[in-house]
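Novice: Below are the sequence and a predicted model for it; my questions follow.
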Amino acid sequence: MDRIRQLQGLNRIPAVCGELQAIRGKQLRREYKLLLDTGAAINIIKEHRTPEFSLQGSMFSLGYKPCKHVPPATPRKNSLTVNAATEEICVNGDKDIKEEADGSDRCALHPYAGPKYGKLCSGEIVLPADVQKKLKCRYVSRGIPFLKIAPFKEEEAYLDPRIVVYHDVIYEEEIEFLKRSSKPMLQSAKVRNVKSNTEEVAMKRVASNAWISDQANKHVKLLRRRVEDMTGLTADTSENLQIVYYDFGGYYIGHFDFVKEWDTRFLEQFGTGNRIATVLFYMNDVEKGGETVFTELDVSIRPKKGSAVFWYNLKRNGKGDNSTRHGACPIISGKKWIATIWLHEHGQEFIRPCTLLENE
């Protein structure tokens, strides 16, 4: 661990060939064990042709290639090499790691992460120029008197489905209150196991979360009111405010916020219909990593303190929109705080009327 801290240094982490790269070999098992404990899932390449190689990407998005920037040398077996000029790190070993008998890799990220998730997080995939040029920014007042004076700053991230970013919509006093209130309640974030109808800790999500249930608090009331002004939807049937903290290496692979139609037990627990929309607030700037990526749309949104992302999870016909699959990229340097409000269907009947058309 001391070696990891030493390499991390002054708020920077060694990166090979442009992004943080993990290392294979026995040295990896020792020096990067705690990266796995904090959620940095590292996939081991099982076959290689040279003793010098690197795993490219944000700790999990892998691409085989030799280390180009390290000059040839004859280092000691399994020695660690750091090139300060390029912030590159490589381990040289002359033997393959013996994988377990079943061929599984305990260090591998969850298989449902998909190739696009890693490439979006490492910047290998970007939104095409012909899509970007159609996106606009605007001031939004929605006919609300107060917003005539201080309109929302809205930035389009995608058009269909519509994903927008609102800037400067959560303030320092509110952020500090939410952090202070949630810290004593933080616990390992869980994901739903549909088969057992329970929630459990899983490698697909490495973070801590807490729920703010005090709806009478002035900061919570103001935030919910602001959500209504931003979205035009009612927050009366929304879930409690969720606070999520991602430490170094934390992530959440691609997932949907809406509940599948066949998961009737979970929908019955809500009692207010499905999650029609999501509002996600960023409560700090992240030094490196932590982007929100939509894997079906090639959209990547960088966390910016005070901003919020809004999108609909359901189509107008009430069906889940499968193009809204999204994830949180691993934290490479720093940490990440977010607050999420899920708005539900009930109460939105006249605000966002349904349609019977299959594709709307």
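Specialist: Perfect, thanks for sending it.

Novice: which residues in this structure form helices?
Specialist: Per DSSP state H, the chain carries helices over the ranges 2-8, 26-31, 33-37, 115-121, 129-132, 145-149, 172-182, 218-231, 264-270.

Novice: list the buried ones in the last one?
Specialist: The one in question is helix 264-270. For helix 264-270, burial by neighbour count (16 or more other C-beta atoms under 10 Å) applies to Leu267, Phe270. All C-beta spots, glycine's among them, are computed from the backbone N, C-alpha and C.

Novice: again with the fourth one
Specialist: With burial defined by 16+ other C-beta under 10 Å, the residues of helix 115-121 counted as buried are Lys116, Tyr117, Gly118, Lys119, Leu120, Cys121.

Novice: The first one reaches Leu297, doesn't it?
Specialist: No. Taking C-beta atoms under 8 Å as the definition, Lys116 is not a contact partner of Leu297, at 9.7 Å.

Novice: which of the helices of the chain sits most buried?
Specialist: helix 115-121 (a mean of 23; mean count of other C-beta atoms under 10 Å).

Novice: What score does Arg24 have for pLDDT?
Specialist: Per-residue pLDDT puts Arg24 at 38.

Novice: now swap in Thr264 and tell me
Specialist: 86.

Novice: Kindly report the same for Arg106.
Specialist: 32.

Novice: i'd like the first residue to be 33 from this point on
Specialist: In the new count, where the first residue is 33, that last one comes out as Arg138.

Novice: if we can go back for a sec, among the helices of the chain, which is nearest Val233?
Specialist: Nearest to Val233, of all the helices of the chain, is helix 65-69, at 12.5 Å by C-beta to C-beta.

Novice: Averaged pLDDT, the closest one. What do you get?
Specialist: 42.

Novice: swap in stretch 366-380?
Specialist: Per-residue scores along stretch 366-380 average to 97.

Novice: now swap in stretch 238-254 and tell me
Specialist: Mean predicted confidence for stretch 238-254 is 93.

Novice: Restrict it to CA atoms and write it as PDB.
Specialist: The C-alpha coordinates for stretch 238-254 follow below in PDB (Å, rounded to 0.1, in the frame of the first residue of the first chain):
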ATOM      1  CA  VAL A 238     -18.200  -0.300  -5.500                       C
ATOM      2  CA  ALA A 239     -19.400   2.800  -3.600                       C
ATOM      3  CA  SER A 240     -21.000   3.900  -0.300                       C
ATOM      4  CA  ASN A 241     -24.400   5.400   0.000                       C
ATOM      5  CA  ALA A 242     -26.900   6.800   2.400                       C
ATOM      6  CA  TRP A 243     -30.500   8.100   2.200                       C
ATOM      7  CA  ILE A 244     -31.700  11.500   3.500                       C
ATOM      8  CA  SER A 245     -35.200  10.900   4.800                       C
ATOM      9  CA  ASP A 246     -35.800  14.300   6.500                       C
ATOM     10  CA  GLN A 247     -38.100  15.800   4.000                       C
ATOM     11  CA  ALA A 248     -38.900  18.700   6.300                       C
ATOM     12  CA  ASN A 249     -35.300  20.000   6.300                       C
ATOM     13  CA  LYS A 250     -35.000  23.300   4.500                       C
ATOM     14  CA  HIS A 251     -32.200  22.300   2.300                       C
ATOM     15  CA  VAL A 252     -34.000  19.100   1.200                       C
ATOM     16  CA  LYS A 253     -37.200  21.000   0.600                       C
ATOM     17  CA  LEU A 254     -35.400  23.600  -1.500                       C
END
